[in-house]
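[1] Okay, predicted coordinates and the sequence, questions at the end:
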Amino acid sequence: MAAVALANGVNANLLRNWVVGRGVGAGVSAPRQQSTAAKEEFIALPMRGTAAPAGEIRIELRRGATTVSIAWPASSSAQCAAWLREWLG
């Protein structure tokens, strides 16, 4: 759940509250009861950032007032992950 929240820029506790509020638990969703006044609909949310060109990993790291932007070839994703673990560790 934390990974999904992080990937979508949502606080993990907020996501958990939404899931619990919908009656979802242990991977099994509770039966939904819909009032005649309420109607489910898709709401498009704006995405932050821009898409990276195909075959490229883009990372933006912020620490205080400092921002570092990195572009890494997707073909070297394992090296990118190792570098990122080392840098953050």
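    Yep, that arrived.
[2] With just CA atoms, put the helix or strand Gln79 falls within into PDB.
    Using DSSP states H and E, Gln79 falls within helix 77-88. This file holds the C-alpha atoms of helix 77-88, laid out as PDB (Å, rounded to 0.1, in the frame of the first residue of the first chain):
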ATOM      1  CA  SER A  77      18.300   0.100 -14.900                       C
ATOM      2  CA  ALA A  78      20.200  -2.300 -12.500                       C
ATOM      3  CA  GLN A  79      23.100   0.100 -12.300                       C
ATOM      4  CA  CYS A  80      20.700   3.000 -11.700                       C
ATOM      5  CA  ALA A  81      19.100   1.100  -8.800                       C
ATOM      6  CA  ALA A  82      22.500   0.300  -7.300                       C
ATOM      7  CA  TRP A  83      23.600   3.900  -7.600                       C
ATOM      8  CA  LEU A  84      20.400   5.200  -6.100                       C
ATOM      9  CA  ARG A  85      20.600   2.800  -3.100                       C
ATOM     10  CA  GLU A  86      24.200   3.800  -2.500                       C
ATOM     11  CA  TRP A  87      23.400   7.500  -2.800                       C
ATOM     12  CA  LEU A  88      20.400   7.300  -0.500                       C
END
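[3] just checking, next helix/strand downstream of the lowest-mean-pLDDT helix or strand in the chain?
    When each helix and strand of the chain is scored by mean pLDDT, DSSP states H and E, strand 28-29 comes last, with a mean of 49. Following strand 28-29 in sequence order, the next helix or strand is strand 56-63 (DSSP H and E).
[4] for that following strand, what is the average pLDDT?
    Per-residue pLDDT values over strand 56-63 give a mean of 85.
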